[in-house]
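> need a structure here:
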Amino acid sequence: MSASDLISKIQPTSLGGLLRISCKTYAPKTALIIPTKDGLEKLTYEQLWTSVRRWASGLRSLGLRRGDAVCIISENSAEWAFFDWASQVLGIVVVPIFPSLPADQALYILKDCGAILVACGDAHQLEKIGSNEGVRSFLLGGSDNSIAKIASEAALISEDEFESEIDRTNPEDVATIIYTSGTTGLPKGVMLQHKSFIWMNRAVAGQIPLTHQDTFFCFLPLSHVFGRANDHYLPISLGATIGYCRSLASISSDMAKVQPTVMLVVPRLLQAFKEKIIDGAGKQSPLRQKLFSSLISEGKKKSHGKFSLTFPMLDKIVGSKIREKVGPRLRFFVSGGAALPRDLYDFYFAIGIPIQQGYGLTETSSAITVNNPAHENRPETVGEPLDKVEVKIAEDGEILVRGDFVMKGYHGLPDETAAVINAEGWFYTGDIGEMSNGYLKITDRKKDLLVLGNGKNVAPQPIENKLRESSLIEEAVLFGDGLDGCVALIVPNFELVRTQLNSTQSDEELAASPEAKKLIKAEVDKVNKALAQFEAVKKFALLPAKFTVEGGELTPTLKVKRKGVRVKYGPVLDSLIGGESGRAKGL
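As a prediction, the model looks like this:
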């Protein structure tokens, strides 16, 4: 019997109950793989159960009780998992904070959720949090002042008491509060219940062919709902294995050690992987470079349903070698968090690693839809609704959803909750979309729609995605409210532009270079040819630096903060639209 079948029959009512089922069903099987400098450390499900019981003993010894809120600000690790699972067993509400957040934003979350304890991944995070009245701060792991040390020394909770704590948790209890990334203002605490994650595990396992034999690679932040639900809870619900990534810098070496079969990704990381593959191909002999180019070209034809006589041979000669390096056991990527550009899908299709695009929000406990590998994969869509997900399109095009996966509400914000969940339980996603033969297509964010001076509405995201498909453009952000046409702020792919121009200029010098602007203009012109006249990008400027979280242009989940870009590069926008008068019209 598969794990998903087992869960559907026994139906755990809480995350602790889910953990119990898997740990007892798969006791001798490897649950966690932890890469180290010298190799790998492996924990079985039986050892995971013992570790969680030990950490629960430590949390109890600190006086934490059911319903208390605790924060964790740390990179992914096995200790992160122990802390969370132990908290779920005890009915403690875990509030993750992105480790990349600056101190003021981290402290806002800490205060807003009412946490009485915060676990920090390292000394830097501990210093960032500082001293706060009524809040105790500890390191997550390590030998001094750490939760791990406290857990190792605490009196062990008996097995009976440990299991009775699991049985005390109700499906409607809040498991976690995850704060939104704040693209449109202060972050809001999304309260997610145990029942939502239990449903999510069952629904995703029913839509994507996943089993206890799979190995997940946990490198998306556990602070975010995508990673938390699908790289943390889902694999354990399946009896699968989780391999951890130590850091972004060690992705390649850790992947080689873990050898995952499934990877959750966001488009930015897929783009980074793609650039590494292309860079590696560029260092091969002229013949191999030509074969690689042919593989990508013929693979794109196949991706678009066209016939290619040479693709099978190219796949055997070139594609198989690339897959061996990227991940010999990797079956597919699951992409979410942002729209997947078609050129990325085509590239990975060509090298033989399919991408299943999905869609979800923090407020919906992660996934709402996903492309099912057993059905037709439609990369221009975000797939089909999961089991028991109700989807409808409002008159204005907004996507509405309903089901057990919808949040309980925003913490301490009843008015904001009522504004997005109506009396019938429909959640207003804020996204604009359409249904086509059972597949959902996202066209834009409702709040992002640009209203031009002539009254025309422009959806900026599809245009931005088309611009990003150019290898010379890393990022593009459109503006146009109240203007005669759209303007764009563009971050070039500095390395590739430098190579094309045979230049040694700095990023800032390159952005001011007429030659670079001419190069990018050719790419903008290509996109404009496929757009309606009123949608075309009339003017653009090159920005002198890449977007960063610290710079205020990106959220911790790497989404562009349109307002942050507007504020930081106001003078550049002024130069495009004619000064302050243009900004008064909405820019």
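
> rest of the way, CA atoms for contacts and neighbours
OK.

> care to break this structure down by domain?
What automatic domain parsing lists as the domains of the chain is 3-194, 267-328+331-446, 449-583.

> surely residue 397 touches residue 432?
Yes: using Cα atoms under 8 Å, residue 397 is in contact with residue 432, at 5.2 Å.

> which of the two has more neighbours?
The neighbour comparison of residue 397 against residue 432 (other Cα atoms under 10 Å) goes to residue 432, with 22 against 17.

> please name the nearest non-neighbouring residue to that one.
Counting by Cα to Cα, 6 or more residues apart in numbering, residue 398 is the residue found nearest to residue 432 once chain neighbours are left out, at 4.4 Å.

> ok, that neighbour to residue 431 distance?
Applying Cα to Cα, to the nearest Å, the value for residue 398 to residue 431 is 6 Å.

> same check, this time on residue 331
Distance, residue 331 to residue 431, using Cα to Cα: 30 Å.

> likewise residue 35?
Distance from residue 35 to residue 431, by Cα to Cα: 39 Å.

> neighbour-wise, which of those two wins?
Applying other Cα under 10 Å to residue 35 and residue 431 shows that residue 35 carries more neighbours, namely 21 against 17.

> these two touch, right, the more buried one and residue 258?
Yes: using Cα under 8 Å, residue 35 makes contact with residue 258 at a distance of 7.5 Å.

> spit out the contact partners of the residue nearest to residue 490 when sequence neighbours are not counted.
Once flanking residues are discounted, residue 490 sits nearest to residue 476: 4.4 Å by Cα to Cα, 6+ apart. Residues in contact with residue 476 (Cα atoms under 8 Å, 6 or more residues apart in numbering) are 464-465, 467-468, 488-491.

> are any of these buried, and if so which?
The neighbour-count test (16 or more other Cα atoms under 10 Å) applied to the contacts of residue 476 identifies 464-465, 467-468, 488-491 as buried.

> what's the overlap in contacts for residue 35 and residue 258?
243-244.

> show me what the helix or strand where residue 50 lies is packed up against.
According to DSSP states H and E, residue 50 maps onto helix 45-61. Judged by 3 or more Cα pairs under 8 Å, 6 or more residues apart in numbering; DSSP states H and E, helix 45-61 is in contact with helix 15-25, strand 30-35, helix 78-90, helix 147-153.

> redo these as CSV? Include distance to residue 480 and mean pLDDT.
Listed next are those as CSV, based on distance: least, Cα to Cα, whole Å; pLDDT from 0 to 100:
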stretch, distance to residue 480, mean pLDDT
helix 15-25, 46, 97
strand 30-35, 48, 95
helix 78-90, 43, 98
helix 147-153, 51, 96
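
> can you name the element that comes right after the longest strand along the chain?
For the chain, the strand that runs over the most residues, judged by DSSP state E, is strand 427-436. Of the helices and strands lying after strand 427-436 in sequence (DSSP H and E), the nearest is strand 439-445.

> next SSE after that next one?
Downstream of strand 439-445 (by DSSP H and E), the next one is strand 450-451.

> so what touches that following strand?
The contact list for strand 450-451 (Cα under 8 Å, 6+ apart) reads 457-460, 479-482.

> and stretch 505-513, how far apart are its ends?
9 Å.

> run through the stretch 1-150 of the chain and note the low-pLDDT ranges.
For the stretch 1-150 of the chain, the stretches with pLDDT under 70 are 1-10.

> all helices for the stretch 401-550 of the chain, in order.
For the stretch 401-550 of the chain, the helices defined by DSSP state H, counting those that start in this stretch occupy 414-420, 460-468, 494-501, 507-511, 514-529.

> out of those, which gets the lowest mean score?
Looking at those, the lowest mean pLDDT belongs to helix 460-468 (a mean of 89).

> what's in contact with that helix?
339, 341, 443-445, 448-450, 473-479, 523-524, 527.

> once you drop chain neighbours, what's closest to the residue nearest to the spatial centre of the chain?
Residue closest to the mean C-alpha point of the chain, counted by Cα atoms, centre = their mean, is residue 337 at 4.4 Å. In space, not counting the residues next to it along the chain, residue 337 is nearest to residue 266; the distance is 5.8 Å by Cα to Cα, 6+ apart.

> re the thing from before, now the residue nearest to residue 490: how far from residue 462?
11 Å.

> ok, now residue 56?
According to Cα to Cα, residue 56 stands 47 Å off from residue 462.

> show me which of these two is the more surrounded one.
Counting neighbours by other Cα under 10 Å for residue 56 and for residue 462 shows that residue 56 has the greater number, 27 against 15.

> next one: residue 560 from residue 351, what distance?
Distance from residue 560 to residue 351, by Cα to Cα: 29 Å.

> cool, and residue 499?
Using Cα to Cα, residue 499 is found at 25 Å from residue 351.

> looking at the two, which is more packed in?
Taking neighbours as other Cα under 10 Å, residue 499 and residue 351 compare with residue 351 leading, 22 against 10.

> check contacts around that one.
By Cα under 8 Å, 6+ apart, the neighbours of residue 351 are 295-296, 299, 315, 319-320, 322-323.

> what about the residues you listed, which are in helices?
With DSSP state H as the criterion, helices contain 295-296, 299, 320, 322-323 from among those.

> quick one on the thing from earlier: how far off centre is the helix holding residue 50?
Helix 45-61 sits 28 Å away from the centroid of its parent chain (Cα atoms, centre = their mean, to the nearest Å).

> what does stretch 119-128 give?
Its chain's C-alpha centre and that of stretch 119-128 lie 23 Å apart, by Cα atoms, centre = their mean.

> make 447 the starting number, not 1.
Right, with 447 as the first residue, what we last looked at is stretch 565-574.

> how about that stretch: buried residues?
565-568, 571-572, 574.

> include distance to residue 528 when you put the residues you listed into CSV, please.
Formatted as CSV, those follow (distance: Cα to Cα, whole Å):
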residue, distance to residue 528
565, 12
566, 14
567, 13
568, 16
571, 19
572, 19
574, 23
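
> going through the contacts of residue 797, which ones are buried?
The buried subset of the contacts of residue 797 - by 16+ other Cα under 10 Å - is 741-742, 745, 761, 765, 768-769.

> circling back: buried residues, the helix holding residue 496. List them.
In helix 491-507, counting by 16+ other Cα under 10 Å, buried: 491-495, 497-507.

> and that helix with helix 524-536, angle?
Counting by axes from the mean of the first three to the mean of the last three Cα atoms, to 10 degrees, helix 491-507 lies at 70 degrees to helix 524-536.

> confidence score at residue 1017?
91.

> can you get me a residue count around it?
Close neighbours of residue 1017, defined as other Cα under 10 Å, add up to 14.

> Three-state assignment for it, please.
helix (DSSP: H, G, I helix; E, B strand; the rest coil).

> any idea how far residue 907 is from it?
23 Å.

> in space, what's closest to residue 974 - neighbours in sequence excluded?
Here the residue nearest residue 974, using Cα to Cα, 6+ apart, is residue 982, at 5.1 Å.

> and the one you found, how close does it get to residue 909?
9 Å.

> got a list of what the closest residue to residue 835 other than its chain neighbours touches?
Spatial nearest neighbour of residue 835, chain neighbours left out: residue 849 (5.7 Å); criterion: Cα to Cα, 6+ apart. Listed by Cα under 8 Å, 6+ apart, the contact set of residue 849 reads 834-836, 871.

> quick one on the thing from earlier: so which of the domains of the chain is nearest residue 672?
Closest of the domains of the chain to residue 672 is domain 713-774+777-892, at 5.4 Å (criterion: Cα to Cα).

> neighbouring contacts of stretch 694-714?
By Cα under 8 Å, 6+ apart, stretch 694-714 touches 479, 481, 485-486, 660-666, 673, 676-677, 689-692, 773-787, 790, 1004.

> quick one: buried ones out of the residues you listed?
Using 16+ other Cα under 10 Å as the burial test, the contacts of stretch 694-714 include 479, 481, 660-666, 673, 676-677, 689-692, 773, 776-787, 790, 1004 as buried.
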